[in-house]
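Student: A structural model of the following input is requested.
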Amino acid sequence: KRSGFGTLESYLKDSLTEEAKVQAKLLNPLGVTEGMLTECLNVLEHRRRELETDIATVNLLQNQMDAWRRDMDHDINQFQADVRDHMKKEMDRCRALVDSFGFFEQYSVFLFSGSDGVANLESKWENTKSIIVSNDLEKEIIECVRTSTDEIATNARAQGQAVIEHLGRRPASVGRNLIGSVTAASRFEDTRKDLFEKITTSLENVLVSYDADKERNEVFQSLRNTIYLSSLCHFFSITSGVATALEFVDLIPGVVGTISFAGVGMGILSPRNRHMIQNFEARWEQRSDKLSSALDELCSKEIKRIHKRVLDGCAPYSRYVTTEKENVETFTEECHNLLATSQTLRKRIAKLR
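Tutor: Residues are numbered from 1 along each chain as shown. Modelled structure (predicted):
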């Protein structure tokens, strides 16, 4: 009686119409529902704000890994350029040897110098070398491969550990419980060994036909044959000239023969040497292209594998953040839809008379 609730209840019964009573009974559960939905939206908003840091962390992870992959692609491109440079330097040796000869020096080396000429030829060939570290093409390229695989493995391990350590300090949380555990950093001890073995095998397959002594001797023999052929033409020219002078041959045919043989003897050097250089360079160009294709395929696959391995290491955390984000968005949308439905029902109830 002190509260006056009974008096209020009696007043409402006497003053409210039947329509008002029905409306009150219908609107009451809607009000409770709207209150619960509003509370749910507040909770979801709180979870969304807490998740913003984790979403930013996952996006940062993706950006960092993409940047790391671009850096690794740049390093691998530099490694491939170094390998191609070694191959090109070997490819240029034949041209450098031919360019080192004077016109008459080539005749002197092969026709008049004997053992000194051979020694001079060997010296000129050695001077065309540009391999400094190991004085051997295959060993030099293997040294480049070893350096590159060491850098790839080291950078991969460092990147993986940095990512995992960063995420390990920033897991999503609900209350005091850690959500979305982060696995330990993947191990990269096998990366260096596997990549080195694969590239070395590819290099051996490309250079299986390479025999330094054989290719050097082929160059020497081609130069020698050219000089012999040119000298033979000069010999015929001299013979024709002498025969013409001694009137063993008519003047006009003799002069024509002398000039023709002399012209062929002089003109044959450049085309034959150029043909030899082209064949030598084409052989090395083919090897270089084949090795570049193998390196590109092997290194690209390895970078993709490392990239995937690092991301797999933090996949539990990333999956939690992605799933939580989707759940919050879905539940928020459903709550707003329910509130809209409730407002529609409220308007329809208000129209009851």
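Student: ok but residue 312 is inside a helix, no?
Tutor: Yes - counting by DSSP: H, G, I helix; E, B strand; the rest coil, residue 312 is located in a helix.
Student: What's the local residue count around it?
Tutor: By the measure other CB atoms under 10 Å, the count of residues near residue 312 is 13. Using the backbone N, CA and C atoms, a C-beta is placed for each residue, glycine as well.
Student: Ok, residue 99 next?
Tutor: 11.
Student: ditto for residue 243
Tutor: Neighbourhood size, residue 243 [other CB under 10 Å]: 16.
Student: Ignoring the adjacent residues along the chain, who's closest to it?
Tutor: residue 249 (4.5 Å; CB to CB, 6 or more residues apart in numbering).
Student: Please report how far the one you found lies from residue 236.
Tutor: To residue 236, residue 249 is 12 Å away according to CB to CB, to the nearest Å.
Student: Give the residues shared as contacts by these two.
Tutor: By CB atoms under 8 Å, 6 or more residues apart in numbering, residue 249 and residue 236 have these common neighbours: residue 257.
Student: before we move on, back to that, does the residue nearest to residue 243 belong to a helix, a strand or coil?
Tutor: Secondary structure, three-state DSSP: residue 249 is coil.
Student: quick one: residue 151 and residue 75 touch, right?
Tutor: Yes - the pair residue 151 / residue 75 is scored as a contact, 6.4 Å apart, by CB atoms under 8 Å.
Student: quick one on the thing from earlier: what residues are up against the residue nearest to residue 243?
Tutor: Each residue near residue 249 by CB under 8 Å, 6+ apart is listed here: 240, 243, 257.
Student: Sticking with the residue nearest to the spatial centre of the chain, tell me its helix or strand.
Tutor: Against the mean C-alpha coordinate of the chain, by CA atoms, centre = their mean, the closest residue is residue 73 at 3.7 Å. Applying DSSP states H and E as the criterion places residue 73 in helix 18-91.
Student: so where do the strands sit in the stretch 101-250 of the chain?
Tutor: Counting by DSSP state E, counting those that start in this stretch, one finds strands in the stretch 101-250 of the chain at the ranges 172-174, 177-179.
Student: Can you mark which positions in stretch 257-265 are buried?
Tutor: Neighbour-count burial for stretch 257-265, counted by 16 or more other CB atoms under 10 Å, picks out 257-258, 261-262, 264-265.
Student: I'd like the distance between residue 251 and residue 291.
Tutor: Taking CB to CB as the measure, residue 251 falls 61 Å from residue 291.
Student: more crowded one of these two?
Tutor: The residue with more neighbours, out of residue 251 and residue 291, is residue 291; 22 against 10, by other CB under 10 Å.
Student: Residue 313 and residue 163 touch, don't they?
Tutor: Yes - counting by CB under 8 Å, residue 163 is a contact partner of residue 313 at 7.1 Å.
Student: before we move on, back to that, point out the other helices and strands that the helix holding residue 73 packs with.
Tutor: Secondary-structure packing of helix 18-91 (3 or more CB pairs under 8 Å, 6 or more residues apart in numbering; DSSP states H and E): helix 137-168, strand 172-174, helix 269-313, helix 315-350.
Student: can you list those in TSV and add distance to residue 115?
Tutor: Listed next are these as TSV, based on distance: least, CB to CB, whole Å:
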stretch	distance to residue 115
helix 137-168	28
strand 172-174	82
helix 269-313	24
helix 315-350	71
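Student: Identify, out of the ones you listed, the most deeply packed stretch.
Tutor: With neighbours defined as mean count of other CB atoms under 10 Å, the helices and strands packed on helix 18-91 peak in mean count at helix 137-168, which reaches a mean of 18.
Student: distance between that one and the chain's centre?
Tutor: Centroid separation for helix 137-168 versus its chain: 14 Å, with CA atoms, centre = their mean, to the nearest Å.
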